[in-house]
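[1] Need the 3D shape of this:
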Amino acid sequence: MPDPYPDRSDISDYLESSDIIDYDHPLITNAVQQLTYGLKDNISKARAIYEFTRDHIFHSFDINATSVTITASEVFDKGHGICFAKAHLLAALMRAAGIPAGFCYQLLYDNDSGRLMVHGINAVYIDELKKWVRLDPCFHVTEDEPWGNDPFKESTVRPVNTELGEKEDLTVYHAPKKKIIKALMAADSLEVLKDLIPAKL
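    Alright, predicted model coming up:
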């Protein structure tokens, strides 16, 4: 698998705060201070942030949530989000810790709906490794699955099945795609959101 590549040449673009990636919110800054307390290197900090987002923020569909979360602080406050929203939180937490983070996308087949859907993940730049590493804060991987459980030794990102029409976009975007934000903002429930998630990268 080729390495992911950034859509911007200036690494500082991947440290920006925004209305969606609102890492200057007290909930985010306080969380990062607690998650990274005593950790000295970026690999340790990134692993702690990744594992927190993966394990302690629920996927909205898994808990039949009644609301659609969008901003990083909202995802943290409510404790849940779909893949895109969890990616917003992961990026905000990473950026608050000084770790450049962006957004990547896959096109995956969804068994429940019987169609292809865009899936949102992250990529973070680890200075010690001198490379971008893709992370998926939604998949709970185990040793018996075909992909690994250490984000910096083995990929946590599900491999695509091209026979099903699944595709990979290895671009690391500095901001979430506008069509994704538009879908999230237009949905007042998860049921509505299911139909609004794009079927093309």
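[2] And the helices in this protein?
    26-35, 42-56, 72-78, 83-96, 178-186, 190-196 (DSSP state H).
[3] show me what contacts R115?
    109, 199 (Cβ atoms under 8 Å, 6 or more residues apart in numbering). Just so you know, the C-beta spots here come from the backbone N, C-alpha and C atoms, and that holds for glycine as well.
[4] so it bridges to which residues?
    D110 (DSSP bridges).
[5] that older thread, can you list the helices of the chain in CSV and add mean neighbour count, distance to K131 and mean pLDDT?
    Formatted as CSV, those follow (neighbours: other Cβ atoms under 10 Å; distance: least, Cβ to Cβ, whole Å; pLDDT from 0 to 100):
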stretch, mean neighbour count, distance to K131, mean pLDDT
helix 26-35, 16, 22, 98
helix 42-56, 19, 12, 95
helix 72-78, 22, 24, 98
helix 83-96, 28, 15, 98
helix 178-186, 15, 25, 97
helix 190-196, 13, 33, 94
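[6] Turn those helices into a markdown table, columns for distance to G165.
    Listed next are the helices of the chain as a markdown table, based on distance: least, Cβ to Cβ, whole Å:
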| stretch | distance to G165 |
| --- | --- |
| helix 26-35 | 36 |
| helix 42-56 | 27 |
| helix 72-78 | 29 |
| helix 83-96 | 18 |
| helix 178-186 | 19 |
| helix 190-196 | 18 |
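[7] how many other residues sit next to the nearest residue to L184 once chain neighbours are set aside?
    The shortest distance from L184 to any non-neighbouring residue, by Cβ to Cβ, 6 or more residues apart in numbering, is to I70 (4.8 Å). For I70, the count of nearby residues is 21 (other Cβ atoms under 10 Å).
[8] Next one: I70 from E16, what distance?
    From I70 across to E16, the span is 17 Å (Cβ to Cβ, to the nearest Å).
[9] Who are the contact partners of the residue nearest to H80 when sequence neighbours are not counted?
    Nearest non-adjacent residue to H80, counting by Cβ to Cβ, 6+ apart: F58, 4.2 Å away. When contacts are counted by Cβ under 8 Å, 6+ apart, F58 touches 65, 79-80.
[10] can you tell me which residue is nearest the centre of the protein?
    A87 (2.3 Å; Cα atoms, centre = their mean).
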